[in-house]
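[1] Generate a structure from the sequence data that follows.
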Amino acid sequence: MNYKTIKILILVIPTLTIGVWEFVRHEYLLPYISMELGNWLAPMLVFLVSITLLLKLFGKMEELQKQLQQEQAAKAVLEEREAMAQELHDGIAQSLFLLSVKVDRMKNADNTENSALYASLRKTAQEINEYVRQAISSLRRPPRSPDLVWESSVRHLIGQFEVESGKTVELDWSIPEESLSTKEKVELYSSIREGLQNIRKHADADYVSIEGSAVPGGFRVLITDDGRGFTGQPLDQPDRFGLKIMRERAERLGWQMQLARKRDRTILSIEKKRG
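    Numbers count the residues shown, from 1 in each chain. I've put the predicted structure just below:
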């Protein structure tokens, strides 16, 4: 039943109910029911029909409106991702290509200082270029449908990581799907994916776990590994682009993100609390 049909039924049913009641009353019940009693029974009959039929129709209309809002939110997310991918491609990616060309011209084998500077700049440019290309590819790949069971989406992501890294991930997930909006699902999925990519590229870990739990007014996600860890604060290091994007995403949504080292394990936490 579509939205238009529901609106027509809501408008027609009360009128049709009164029409049928008046016909039956005058044709069959007039000898048994007085005019005054019949006038009292008419609104009661409309009320009973409204309770039994119209409330169901209103509920169905609300479901359709909710689905429409979810589709609009998902479409907005996809359009935003495509715009970001296009901006990365047209701006940063092309600038990095020109930077690589200029860095290549700096190479001077007879000058030790310039050679070391060249090697450093070359490595940095390659790392940034690789990250931007991965970001563009990720943004242009449609995210898994938010209407799917959320835990299934997370398990699919973990399965990809296990195939690529050869490591097993321990998962403990209890965040109710209905507690996350469409945008939160997409952004949290991207954050978990980025966290797993960082582990695969930098941690050299044997143990990886993901824990998702509900907290009052929100959720908490912990991504833990027993890899080599880090020195200083990676979130402040200029070459940790993925972590910085994750932190900016968290701040934009009002989440809290922390990276800590406890008992030889690295813990990335993403948390939404009641404001």
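[2] Quick check: the gap between the residue nearest in space to the middle of the chain and residue 180.
    Residue closest to the average C-alpha location in the chain (CA atoms, centre = their mean): residue 186, at 1.8 Å. Distance of residue 186 to residue 180, computed by CB to CB, to the nearest Å: 9 Å. To be clear about C-beta, it is placed using only N, CA and C from the backbone, and glycine gets the same treatment.
[3] Equivalent analysis for residue 211, please.
    Between residue 211 and residue 180 the distance, using CB to CB, works out to 16 Å.
[4] for this structure, what spans make up the strands?
    All strands of the chain, identified by DSSP state E, fall at 169-173, 208-215, 218-225, 256-262, 265-272.
[5] For the ones you listed, please prepare JSON lines with the additional fields mean pLDDT and mean neighbour count.
    Shown next, in JSON lines, are the strands of the chain (pLDDT from 0 to 100; neighbours: other CB atoms under 10 Å):
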{"stretch": "strand 169-173", "mean pLDDT": "93", "mean neighbour count": "14"}
{"stretch": "strand 208-215", "mean pLDDT": "94", "mean neighbour count": "17"}
{"stretch": "strand 218-225", "mean pLDDT": "95", "mean neighbour count": "20"}
{"stretch": "strand 256-262", "mean pLDDT": "91", "mean neighbour count": "13"}
{"stretch": "strand 265-272", "mean pLDDT": "94", "mean neighbour count": "19"}
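[6] Which one of those lies nearest to residue 72?
    Counting by CB to CB, residue 72 lies closest to strand 265-272 out of the strands of the chain; the figure is 22.4 Å.
[7] outside of that closest one, which residues touch it?
    Strand 265-272 is touched from outside by 184, 188, 191, 195, 198, 203, 207, 215, 217-227, 229-230, 246, 250, 253-261, with contacts defined as CB atoms under 8 Å, 6 or more residues apart in numbering.
[8] Ok, stretch 228-235 next?
    Contact with stretch 228-235 is made by 202-204, 240, 243-244, 247, 259, 261, 264, 266, as judged by CB under 8 Å, 6+ apart.
[9] Compute the distance between the closest residue to residue 172 other than its chain neighbours and residue 268, please.
    For residue 172, the nearest residue in space outside its immediate sequence neighbours is residue 211; the separation is 4.7 Å by CB to CB, 6 or more residues apart in numbering. As defined by CB to CB, residue 211 lies at a distance of 11 Å from residue 268.
[10] hey, what's in contact with both of these two?
    Taking CB under 8 Å, 6+ apart as the criterion, residue 211 and residue 268 both touch 222, 224.
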